[in-house]
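**Q** What follows is a predicted protein model with its sequence.
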Amino acid sequence: MIILETERLILRHLEPGDADALFALYRDPEMRRFFPEGTLSRTETEEEIAWYLNGHPRHPELGLWATIHKPSGQFLGRCGLLPWRIDGRDEVEVAYLIDKEFWGQGLATEAARAIVDYAYERLGLQQLVCLIEEGNDASIRVAEKIAMRFERAAEDEHGPFLLY
């Protein structure tokens, strides 16, 4: 099911058939450098896909969505909206992960902008955040391009992060 489209991207629900492409990204240390859990196994990748098949299990309107490059039809990654509890407040994160073969083309920003519009206009959300590991300058630039501003450094059970 397609969630949204941009000029160059389609964001749709993840499907079991996405496992090979997503695992190729998740097992790559460079792709997962700024994720506290590091690389993921094939089993962990399949479990994540199962978790998000119909959106987030507790919030079906949210989730991680397969991100497809329209011109080539290639699976580029997964982007979407994730619910978090931060300092006793419910928050929704704009999340993005694009294949390193496509870095530097503005695709993460394109996806993030569309996700922000979707969150505000279609879902009626009032506020969004980005959780970024320190040193992830590319993700910080994307967050700033979608009008996120640094709020503070924080830490949770997964480790430290920057809250935008």
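**A** Yep, that arrived.
**Q** need the next SSE after the host helix or strand of Asp20, C-terminal direction.
**A** Using DSSP states H and E, Asp20 falls within helix 19-26. Note on helix 19-26: by DSSP H and E, the next helix or strand toward the C-terminus is helix 42-52.
**Q** What are the buried residues along that following helix?
**A** 45-46, 48-49, 52 (16 or more other CB atoms under 10 Å). Quick note: C-beta positions are derived from backbone N, CA and C, even for glycine.
**Q** same for that helix, what does it pack against?
**A** Judged by 3 or more CB pairs under 8 Å, 6 or more residues apart in numbering; DSSP states H and E, helix 42-52 is in contact with helix 19-26, strand 63-69.
**Q** Average pLDDT for the last one, rounded please.
**A** Model confidence over strand 63-69, given as mean pLDDT, is 98.
**Q** buried stuff in the helix or strand following it?
**A** Where DSSP H and E defines the elements, the next helix or strand beyond strand 63-69 is strand 75-86. Buried residues in strand 75-86, counted by 16+ other CB under 10 Å: 75-82.
**Q** What angle do strand 63-69 and strand 75-86 make with each other?
**A** 160 degrees (axes from the mean of the first three to the mean of the last three CA atoms, to 10 degrees).
**Q** Could you list the paired strands of strand 75-86 along with their orientation?
**A** Applying DSSP bridges to the sheet, strand 75-86 is found paired with strand 63-69 (antiparallel), strand 89-98 (antiparallel).
**Q** For the first one, what is the distance to the chain centroid?
**A** Think strand 63-69. 8 Å (CA atoms, centre = their mean, to the nearest Å).
**Q** For Val92, see how far away the residue lying closest to Pro57 once chain neighbours are set aside is.
**A** Residue nearest to Pro57 in three dimensions, not counting chain neighbours: Trp51, with 6.5 Å by CB to CB, 6 or more residues apart in numbering. As for Trp51, its distance to Val92 is 17 Å (criterion: CB to CB, to the nearest Å).
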